[in-house]
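Student: Model the following, please.
(2 chains)
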There are 2 protein chains.
Amino acid sequence: MNELKLTQITKQFGHQVILDDINLTFKPNTIYGLLGRNGVGKSTLLNIITNRIFASSGTISWQGQALTGRDHPVQAFYLMSETNLFSKEERLQKIIKNTALLQGQFDETLSAEMMTAFGLNPKKKLSQLSTGYRTIFKAMLALCVPAEVVFLDEPILGLDANHREMLYQFILKAYEERPRTIVLATHLIEEIANLIEHVVILNETQVIIDEPLETVLAKSYRISGPEEVVQAYCQELNQLATEQLGTLYIAYIYDQLPTEREIPDRLTIEHVDLQQTFIKLTNERGNRDV
Amino acid sequence: MNELKLTQITKQFGHQVILDDINLTFKPNTIYGLLGRNGVGKSTLLNIITNRIFASSGTISWQGQALTGRDHPVQAFYLMSETNLFSKEERLQKIIKNTALLQGQFDETLSAEMMTAFGLNPKKKLSQLSTGYRTIFKAMLALCVPAEVVFLDEPILGLDANHREMLYQFILKAYEERPRTIVLATHLIEEIANLIEHVVILNETQVIIDEPLETVLAKSYRISGPEEVVQAYCQELNQLATEQLGTLYIAYIYDQLPTEREIPDRLTIEHVDLQQTFIKLTNERGNRDV
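Tutor: Residues are numbered from 1 along each chain as shown, chains lettered A, B, ... in the order given. This next block holds a predicted model:
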């Protein structure tokens, strides 16, 4: 089975722990959202999985077999990232040809369709494209290679709203035509909420959420009312944050609400979207980069 | 009155027309969204207004007076943009000090508050910051200078969701404490929809929308049902796009719906959000950059 499993992956740079005891399973034919704040180690994790850098410790298994650097299944995984692995002075058609040769089974039809839809001229060089068009081109390659697991790291960098929507449509189309595992890492959380089936959130070097989107959304609540009523109702629940807005007291909850308890009259219970829940879940850590 | 007025502004680079007959008035104490696709000339327009480049023709007036390059009121307008106007090797505290000296009346309180909230260390050099933190720092300066009109060009570049939300809160706070004109130019349209009062959309070198947000949203509809029913209902309305989804026919409308006509039974009429309407309004132009 095309299952990718990470067991106790850690990564340190010098004394700094970037990833600490990461355990994750990417199941076949599922679209994942890999979310985390700036600098939290998302890209490091993706680079470890795709064998661009080594983990300090831990195991990666694919189809039940532990991998070492040597027998890494190059064709099974594909990472589209900010780092360019192509010569900037190469023409797009040449890069497509080389990728097809290296990866085999390249989806020429989808490639041509995406080039036309976005108006990419195959005769141009990579260096002649704007940031947005470079992103589109790299995302196109990632969707056309025969990889079983495709990682898209910020596939929307520099794209305007129209192109983002088009790209989301192409991701879904590629997935429907040939189901595979797709892992989307992005800061535009609310926009990909309609695409993903499973949410992984990295925070403070660890995985804090690894659940189906449906479960995450079902546990995300905003409960508001007079302070004492909200506090009484929420006291045994997992509270992410509270806010005071005039006389209104608001608690953000990530939990299952008790079904047996009656909801007090003056309480308003609403669902919160994925991006809001992400923000509340990860706000604690303060600011890492500076 | 602190009104900024553009009259028949055009800009050509060689034979290429970038801006064609732009007429716009920025009123005092209003938050604007300046929206447009990649490459449509938003940044060119902002650079013309702030006297960084010259228009090919047209007039800019401020407080009723036509401006020339010479008597441009440097302190009245402030543009925060991708281009750095500071030395990268300068420490943040030095840049703040220089900006305060140059602009006068710098809001030290807000500056200190934002530096702390985002965890920016004033002893760091600009070159030591990540893209996201550089954006935050530049946006902070723009909110603290005493300008009457502040232009923020992509103030969210490289920011994660948490920092974007914090920045939106600070923009509102700065505006409430000292009302002024703020112009936000960004591709994250849906996220700023809660901040802005007025929408300007540039498309194909021209202004195609210049209306209060409320009016734009009130005219944005998605009308769906059987094809013939939708077409009959929409035939005299301004249709932006149509879609076929199985047996469902969908028309995107930008218009006032006739109040006197009855809505047929099998028709579903829904409002569409700002980002969706923007996409439908600007999709026609094809792809410009390549």
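Student: Tell me where the stretch 151-290 of chain A has strands.
Tutor: In the stretch 151-290 of chain A, the strands defined using DSSP state E, counting those that start in this stretch lie at A:181-185, A:198-203, A:206-212, A:220-225, A:239-245, A:248-254, A:268-271.
Student: what about the first one, near chain B?
Tutor: No. Applying C-beta under 8 Å from any C-beta of the partner chain, one finds that strand A:181-185 is not in contact with chain B, the shortest distance being 11.5 Å. Heads up, the C-betas are built off the backbone N, CA and C, glycines and all.
Student: And that strand, what does it pack against?
Tutor: strand A:31-36, helix A:42-49, strand A:149-153, helix A:161-177 (3 or more C-beta pairs under 8 Å, 6 or more residues apart in numbering or on different chains; DSSP states H and E).
Student: Chain B contacts on the stretch 101-250 of chain A?
Tutor: With the criterion set to C-beta under 8 Å from any C-beta, the stretch 101-250 of chain A comes near chain B through A:118-121, A:124, A:129-130, A:132-133, A:158-165, A:187-190.
Student: 7 Å - rerun?
Tutor: By C-beta under 7 Å from any C-beta of the partner chain, the residues of the stretch 101-250 of chain A that approach chain B are A:118-121, A:124, A:129-130, A:132-133, A:160-162, A:165, A:187, A:189.
Student: Out of those residues, which is nearest to B:Asn47?
Tutor: Distance to B:Asn47 across those (C-beta to C-beta) is lowest for A:Ser130, with 17.4 Å.
Student: now the closest residue to chain B within the stretch 101-250 of chain A: how far from A:His163?
Tutor: Using C-beta to the nearest C-beta, the closest approach of the stretch 101-250 of chain A to chain B is made by A:Gly119 at 2.9 Å. In this view, A:Gly119 and A:His163 are 10 Å apart by C-beta to C-beta, to the nearest Å.
Student: Equivalent analysis for A:Ala232, please.
Tutor: In terms of C-beta to C-beta, A:Ala232 sits 49 Å off from A:His163.
Student: got it, and A:Asn194?
Tutor: Distance of A:Asn194 to A:His163, computed by C-beta to C-beta: 17 Å.
Student: next one: A:Val150
Tutor: Taking C-beta to C-beta, one finds A:Val150 at 19 Å from A:His163.
Student: what's near enough to touch the residue lying closest to A:Lys280 once chain neighbours are set aside?
Tutor: Once flanking residues are discounted, A:Lys280 sits nearest to A:Leu240: 3.9 Å by C-beta to C-beta, 6 or more residues apart in numbering or on different chains. Going by C-beta atoms under 7 Å, 6 or more residues apart in numbering or on different chains, A:Leu240 touches A:Tyr252, A:Ile253, A:Tyr254, A:Lys280, A:Leu281.
Student: Tell me which two in the residues you listed are the farthest apart.
Tutor: Using C-beta to C-beta, the two most remote members of the contacts of A:Leu240 are A:Ile253 and A:Leu281, lying 11.3 Å apart.
Student: And the helix or strand of chain A with the lowest mean pLDDT, how far out from the chain middle?
Tutor: Least confident helix or strand of chain A, by mean pLDDT, DSSP states H and E, is strand A:65-66 with a mean of 90. Distance of strand A:65-66 from its chain centroid, counting by C-alpha atoms, centre = their mean, to the nearest Å, is 24 Å.
Student: just to revisit the earlier point, can you tell me which of the helices and strands packed on strand A:181-185 is nearest to A:Ile263?
Tutor: strand A:31-36 (30.2 Å).
Student: what angle sits between the closest one and helix A:42-49?
Tutor: For strand A:31-36 against helix A:42-49, the angle by axes from the mean of the first three to the mean of the last three C-alpha atoms, to 10 degrees is 130 degrees.
Student: Quick one: residues contacting A:Phe170.
Tutor: Residues near A:Phe170 by C-beta under 7 Å, 6+ apart: A:Met114, A:Leu143.
Student: From A:His163, how far off is it?
Tutor: Counting by C-beta to C-beta, the gap from A:Phe170 to A:His163 is 10 Å.
Student: Take stretch A:232-242 and give me the span from its first residue to its final residue.
Tutor: 13 Å (C-alpha to C-alpha, to the nearest Å).
Student: neighbour count winner among A:Ala232 and A:His163?
Tutor: The residue with more neighbours, out of A:Ala232 and A:His163, is A:His163; 24 against 12, by other C-beta atoms under 10 Å in any protein chain shown.
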